[in-house]
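*Asks:* sequence unknown, structure follows:
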């Protein structure tokens with residue numbers, strides 16, 4: 001039940017539209033942008049994944065160290081190497097990412113045609129907890145500034161970091177606000193009562209699983225009262241894992257959250273969830289069928305196919321302008337009607 005209207009110019013951004021920011025690298029993927037409005041323009045905070053140009057028989061990738069970027073290289077036929085997943089490899093029990101991700105900004109006057117602005121430099125990992133990169137930024141626009149939550153990746157853990165900015169040129173880093181293993185953090189863009197709220201996704205390899213949780217905070221840095229609000233469902237599009245997308249949308253019927261769900265075969269779709277306005281730990285409705293599926297060619301084939309993944313949007317009246325990553329390689333745009341999404345939850 002795909003109820004989105006894809007833009008006829010999709011993909012609106014491809015790796016070839018950018019020049020690598022790391023010397024000697026190539027851009028392998030553009031992924032999952034956070035979205036904001038500033039000075040009348042739509043801004044994207046794009047996850048850019050770079051790697052060295054690959055040589056036949058070898059696999060190489062960058063990591064970030066105290067001395068700067070370093071490239072590791074292995075023989076593909078090394079018996080200690082497991083390179084079956086294009087995103088992650090394992091060598092002698094240690095996992096490595098095949099690319100190093102950082103964040104780049106692009107702007108548009110019409111919401112479709114984007115370009116970089118040299119006044120806004122890339123955002124790289126800046127601490128040991130980000131040595132394998134920073135990924136999948138969500139942007140919460142609030143009265144006192146923009147708050148960027150993103151995944152910090154390192155050899156020891158995956159957690160959630162947060163940056164605060166007024167202008168996307170100067171940032172205050174608040175450190176890791178959700179400890180490992182955690183990701184998919186989206187802040188609500190206004191307080192409920194006297195508390196801030198955020199979705200997050202802790203993961204457990206034994207008890208529990210890859211579920212959506214919600215937490216509250218007095219200051220957006222210290223979080224507590226964690227509540228699991230949604231688990232995986234056998235036989236559904238979110239049978240293996242699920243996580244929040246962009247900050248939820250406030251409607252008369254409740255907080256509307258567009259979230260991603262995946263199967264064990266790593267097919268990623270989007271669904272919707274409706275939460276109580278005054279108590280967002282109460283789930284009022286949840287999609288039985290996905291509202292968006294990877295059905296376009298550019299969503300089915302790419303760096304990692306059969307993926308639609310969104311963590312950024314612009315709301316204009318009844319329309320959600322949804323910016324999303326397709327096949328872990330290109331950036332696309334689709335429109336959704338809020339009322340249609342709400343009606344799909346009622347049915």
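*Replies:* Structure received. Note that this is a predicted model, so its numbers are computed, not measured.

*Asks:* In the sheet, which strands lie alongside the helix or strand encompassing residue 163, parallel or antiparallel?
*Replies:* Element membership for residue 163, per DSSP states H and E: strand 158-165. Strand pairing for strand 158-165, using DSSP bridges, gives strand 145-153 (antiparallel), strand 171-178 (antiparallel).

*Asks:* Other residues contacting it?
*Replies:* 123, 129-130, 134, 145-152, 171-183, 185, 200, 220-221 (CB atoms under 8 Å, 6 or more residues apart in numbering). Heads up, the C-betas are built off the backbone N, CA and C, glycines and all.

*Asks:* Off-centre distance for it?
*Replies:* 12 Å (CA atoms, centre = their mean, to the nearest Å).

*Asks:* do stretch 124-131 as well
*Replies:* 17 Å.

*Asks:* got it, and stretch 200-207?
*Replies:* 17 Å.

*Asks:* Okay, buried residues for that stretch please.
*Replies:* Applying a neighbour-count criterion of 16 or more other CB atoms under 10 Å, one finds 200-203 buried in stretch 200-207.

*Asks:* Could you do stretch 102-112 as well?
*Replies:* Applying 16+ other CB under 10 Å to stretch 102-112 flags 102-108, 111 as buried.

*Asks:* What lies in contact with it?
*Replies:* 7, 9, 12-13, 18, 21, 33, 40-48, 50, 114-117, 120, 122-125, 133-134, 137, 150, 168, 314, 321, 333.

*Asks:* List the ones among those that fall in strands.
*Replies:* 33, 41-48, 50, 133-134, 137, 150, 314, 321, 333 (DSSP state E).

*Asks:* Filter the contacts of stretch 102-112 down to the buried ones and express that as a ChimeraX selection.
*Replies:* In ChimeraX, this line selects whichever of the contacts of stretch 102-112 come out buried by 16+ other CB under 10 Å:
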select :7,12,13,18,33,42,43,44,45,46,47,48,50,114,116,120,123,124,125,133,134,137,150,168,314,321,333
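
*Asks:* in the chain, which helix or strand is least confident?
*Replies:* Ranked by mean pLDDT, DSSP states H and E, the weakest helix or strand in the chain is strand 58-65, scoring a mean of 82.
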